[in-house]
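> Dropping a prediction and its sequence here:
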Amino acid sequence: MAEVIRMPLLSDTMTEGVIAEWHKKVGDTVKSDDVIAEVETDKATMEVIGYVDGTLLYIGVEKGKAAKVNDIIAIVGKPGEDYKPLLEGNGSAATAAAPAAKEAPAKEAAPAAEEKPAVDNAALEKALKDATVIRMPLLSDTMTEGKIVAWNKKVGDTVKSDDVLAEVETDKATMEVIGYADGTLLYIGVPEGEAAKVNGIIAIVGKKEANIEAILAAEKAGGAAPAKAAAPEAAAAAPAQAAAEAAPAAAGGTDGGRVKASPLAKKLAEEKGIDINQVTGTGDGGRIVKKDIDSFVPSKAAPAAAPAAGAPAAAPKVAPFAPAGQEGYTDTPVSQMRKVIARRLGESKFSAPHFYLTMEINMDKAIEAREGINKVSPVKVSFNDMVIKACAMALRLHPDVNSSWMGDFIRHNQHIHIGSAVAVDEGLIVPVIRFADQKSFSQIAAETKALNDKAKNKKLQPQEFTGNTFTVSNLGMMGIEEFTAIINPPDSAILAVGGIKETVVVENGQFKATNIMKVTMSCDHRTVDGAVGARFLVTLKGFLENPVTMFV
C-alpha cells in the first residue's frame with residue numbers, strides 16, 4: 001500500500017512549512033533514508049526524509065509553496081498504484097491548494113501474486129474521512145525514532161487541534177507533539193516509555209464511529225505497521241490504565257492530596273529542585289505540564305525545595321556494590337540521544353578519513369586580554385569563548401576548512417556557524433553559535449551560556465543544534481591536556497582543546513614560565529589537505545597569541 005509523507009513538525013512553534021527544494025521528482029525511486037525535500041520553517045531550513053521505500057507517485061506541494069503541519073506533501077508506493085483514495089480521505093488544505101500537483105505516469109500494475117493482503121479501499125476511504133492519523137513527527141534532522149515520555153490524553157478524551165497530545169524524547173531534546181485535529185482520541189499505538197519510528201502511527205483522532213480497524217489494517221498491509229500492532233481494544237486498555245494515575249479530575253493542582261502532573265513535569269521538577277506543589281497547572285483540569293515547570297518562578301517567601309531551618313543536609317547517595325566474591329552488572333537502556341551519537345560518530349569515524357594536527361599555543365597574552373575584557377564585559381568571557389571567536393576569524397581566511405563533503409561535490413560554506421560540544425547526562429550535544437565571526441566576545445559568551453543551559457535542561461530547539469560548519473570540543477576545564485575528537489558531520493574538521501598548563505621554556509637562553517595550551521584538529525582528508533589544516537592552525541595560533549588582532 002502507498003505511504004503518505006506529511007509535513008513534519010520541525011520546531012515547537014511551527015504551523016506550516018514552505019518547500020524550499022524537491023530532491024526527487026515523480027517517478028523516481030526512493031529509499032527510506034533519502035532526503036526527498038528541504039523545508040523552510042519559521043526558524044530554519046531542514047531536510048525531510050520519507051522513511052519509506054518505493055516510487056515517488058505524487059507531489060502535493062510545489063516548490064516555493066507552503067503546507068500546514070501534518071498535510072500530505074508526497075506519496076510513495078509501487079509503480080502504477082492507485083493512491084487517490086489517500087488524497088480524498090485526507091482533505092487537507094495543502095492538497096486542495098495544489099491544482100498543479102504532479103502525478104506519476106501510469107505504469108503497468110504489479111502482478112497480483114506480488115501484492116500484499118487486500119485492503120478494503122472503500123472502508124479505508126470512509127475511515128480516513130472520519131479520522132486523522134497522528135504519526136511520529138520528524139523533530140530533528142538526525143531523528144529516526146522517538147520515545148513517548150508521557151501521554152497528556154487518554155483514549156476517549158476529547159481533543160482540540162492545538163492540544164498537546166504527548167511528550168516525545170528524541171535524540172537531542174524532549175518536545176511536545178500536537179495533533180492538529182479535533183475529535184476524540186480513538187487509539188494510542190505506542191505506550192509511554194516505548195519508541196516509534198518517524199512516520200509511524202502513534203494515535204488516531206476522529207469521530208467516535210470511525211473505523212480505526214480499517215486504518216490499522218491498511219497500515220499493516222502496506223508494510224509499515226504501527227509500533228504497537230495490537231488490537232484496538234487492547235491498545236486502548238493499556239494506555240488508559242497507564243494514564244489513570246495522571247488523569248485530571250477537578251480544577252487545581254492536587255486531587256485528594258495527589259499532585260496532578262505529567263510524568264515529564266514531575267521529572268523536570270525533581271531535576272530542577274522545584275516544589276511541584278507550588279506550581280500552578282495550566283493543563284486539563286489544572287494538570288501540571290512541562291511548560292508550567294519551564295516557566296515557573298519560585299516565590300521569594302517560599303523558595304523552591306528550601307531545606308527546613310536547622311535540618312541536617314541529606315546524606316549523599318552511594319551506589320551499592322556487589323558483595324565480595326559475587327559478580328554483578330546493570331543493563332541500562334540506550335537513550336535516543338546515545339543511539340544517534342553511536343550511529344553518527346561511527347559513520348563519521350569509519351567513512352571520513354581522519355588525520356590529526358597538534359599545535360602548542362602560548363596563552364600568556366590571552367590570559368591578560370581576558371582579564372581586561374571581563375572588566376568591561378556585561379557577561380563573563382571564558383577561554384572557550386575566545387577559542388570560538390578565533391576559530392571563526394581563522395575560517396574567514398581559510399574557507400577550505402569551512403566546508404562539507406557532499407559525495408559528488410564539496411560545499412564551501414559562505415557563513416560561519418561554530419558548534420560547541422556540551423556534555424549532558426544522556427551524552428553529547430552540539431549547540432551552534434551562528435555567524436560567530438560577526439559577534440563580539442561578550443555576544444558569544446552570552447549566547448554560549450544560554451545554549452548550554454538549554455542543552456542541560458533539554459530545551460534546545462532544532463535550529464539551535466543544527467547547521468554547524470565547524471566544531472570546537474573543549475575538555476581543558478577537566479584537566480585534560482590533549483586529546484583527539486571525532487569529526488561532527490557535516491563538518492570537515494573539529495578542534496579538540498586541552499587545558500592551559502604552566503610550562504617552563506627556554507627563551508633567549510633563559511628559563512621562563514609560560515602558559516601553554518595544546519590543540520588538536522581532526523581533519524577530513526577528502527576536503528582538507530594537511531597543508532590547508534596546518535595553515536589554519538598557524539592563523540588560529542596568531543589570533544590567540546595576540547588577541548588584539550581579533551578586534552581589527
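Arrived safely, thanks for sending.
> Could I get the full set of strands for the stretch 51-200 of the chain?
Residue ranges of the strands in the stretch 51-200 of the chain, as given by DSSP state E, counting those that start in this stretch, are 54-59, 66-68, 72-77, 102-103, 131-135, 145-151, 158-159, 164-169, 174-178, 183-188, 195-197.
> In TSV, list the ones you listed along with mean pLDDT.
Output for the strands of the stretch 51-200 of the chain, formatted as TSV (pLDDT from 0 to 100):
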stretch	mean pLDDT
strand 54-59	92
strand 66-68	87
strand 72-77	91
strand 102-103	44
strand 131-135	88
strand 145-151	89
strand 158-159	90
strand 164-169	87
strand 174-178	79
strand 183-188	93
strand 195-197	88
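> Let me have those strands in TSV, extended by distance to F483 and mean neighbour count.
C-beta: built from backbone N, CA, C; applies to glycine. Converted to TSV, the strands of the stretch 51-200 of the chain look like this (distance: least, Cβ to Cβ, whole Å; neighbours: other Cβ atoms under 10 Å):
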stretch	distance to F483	mean neighbour count
strand 54-59	45	23
strand 66-68	45	19
strand 72-77	44	26
strand 102-103	51	15
strand 131-135	41	25
strand 145-151	31	24
strand 158-159	50	18
strand 164-169	29	23
strand 174-178	30	23
strand 183-188	45	24
strand 195-197	33	18
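> Figure out which of those is closest to A2.
Closest to A2 of the strands of the stretch 51-200 of the chain is strand 72-77 (Cβ to Cβ; 2.9 Å).
> The closest one versus strand 54-59: what angle between them?
Counting by axes from the mean of the first three to the mean of the last three Cα atoms, to 10 degrees, strand 72-77 points 140 degrees away from the direction of strand 54-59.
> partner strands of strand 72-77, parallel or antiparallel?
If you go by DSSP bridges, strand 72-77 pairs up with strand 3-6 (antiparallel), strand 54-59 (antiparallel).
> mind exporting the longest one as PDB, just the C-alpha atoms?
What follows is strand 54-59, C-alpha atoms only, in PDB (Å, rounded to 0.1, in the frame of the first residue of the first chain):
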ATOM      1  CA  GLY A  54       9.200   2.700  -3.200                       C
ATOM      2  CA  THR A  55       8.500   5.100  -6.100                       C
ATOM      3  CA  LEU A  56       7.500   8.700  -5.700                       C
ATOM      4  CA  LEU A  57       3.900   8.700  -7.000                       C
ATOM      5  CA  TYR A  58       2.700  12.200  -6.100                       C
ATOM      6  CA  ILE A  59       4.000  15.600  -5.100                       C
END
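> Touching that strand from outside, list them.
Residues outside strand 54-59 that contact it (Cβ atoms under 8 Å, 6 or more residues apart in numbering): 2-3, 22, 24-30, 36, 73-79, 81, 83, 87, 101-104.
> Mind giving me the PyMOL command for buried ones among these?
Those of those that count as buried under 16 or more other Cβ atoms under 10 Å are selected in PyMOL with:
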select buried, resi 2+3+22+24+26+30+36+73+74+75+76+77+78+79+81+83+87+101+102+104
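> give me every residue that touches Q414.
P399.
> Could you tell me how far it is located from R396?
Separation of Q414 from R396 (Cβ to Cβ, to the nearest Å): 10 Å.
> Run a quick neighbour tally on R396.
12 (other Cβ atoms under 10 Å).
> Then M478?
M478 has 9 nearby residues by other Cβ under 10 Å.
> name the element the residue nearest to it when sequence neighbours are not counted belongs to?
What sits nearest to M478 in space, not counting adjacent residues and going by Cβ to Cβ, 6 or more residues apart in numbering, is G499, at 7.7 Å. Element membership of G499, judged by DSSP states H and E, is strand 493-507.
> Quick check: neighbours of that strand in the sheet, parallel or antiparallel?
Using DSSP bridges, strand 493-507 pairs in its sheet with strand 470-474 (parallel), strand 510-524 (antiparallel).
> Tell me where this protein has helices.
Using DSSP state H, the helices of the chain run over 84-90, 93-96, 121-130, 212-221, 232-244, 263-272, 290-294, 336-351, 364-376, 383-397, 441-456, 530-545.
> Return the most buried member of those.
Highest mean neighbour count of these: helix 383-397, a mean of 23 (counted as mean count of other Cβ atoms under 10 Å).
> which strands and helices sit next to that helix?
Here helix 383-397 touches helix 364-376, strand 418-420, helix 441-456, strand 470-474, strand 493-507, helix 530-545, going by 3 or more Cβ pairs under 8 Å, 6 or more residues apart in numbering; DSSP states H and E.
> which residues are in contact with the first one?
Helix 364-376 is contacted from outside by 380-381, 383, 386, 441-442, 500, 514-515, 544-548, using Cβ under 8 Å, 6+ apart.
> Once you drop chain neighbours, what's closest to L186?
Using Cβ to Cβ, 6+ apart, the closest residue to L186 is I204 (4.8 Å).
> what sits against the nearest residue to K291 once chain neighbours are set aside?
Leaving out its chain neighbours, the residue that sits closest to K291 by Cβ to Cβ, 6+ apart is T282, at 7.1 Å. By Cβ under 8 Å, 6+ apart, the contact set of T282 is V289, K291, D292.
> and of the residues you listed, the nearest to L139?
K291 (16.4 Å).
> now the closest one: how far from E167?
10 Å.
> per-residue confidence averaged over stretch 444-459?
Mean per-residue pLDDT for stretch 444-459: 90.
> Output that stretch as CSV, nothing but the C-alphas.
Presented in CSV, the C-alpha positions along stretch 444-459 are these (Å, rounded to 0.1, in the frame of the first residue of the first chain):
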residue,chain,number,x,y,z
ILE,A,444,29.5,34.8,22.0
ALA,A,445,29.8,34.3,25.8
ALA,A,446,26.1,35.2,26.4
GLU,A,447,24.8,33.0,23.6
THR,A,448,27.0,30.1,24.6
LYS,A,449,25.8,30.2,28.2
ALA,A,450,22.2,30.4,27.2
LEU,A,451,22.5,27.5,24.7
ASN,A,452,24.4,25.4,27.3
ASP,A,453,21.7,26.0,29.9
LYS,A,454,19.0,24.9,27.3
ALA,A,455,21.0,21.8,26.4
LYS,A,456,21.3,20.7,30.0
ASN,A,457,17.5,21.3,30.5
LYS,A,458,16.6,19.6,27.2
LYS,A,459,15.1,22.8,25.9
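> Alright, calling it a day.
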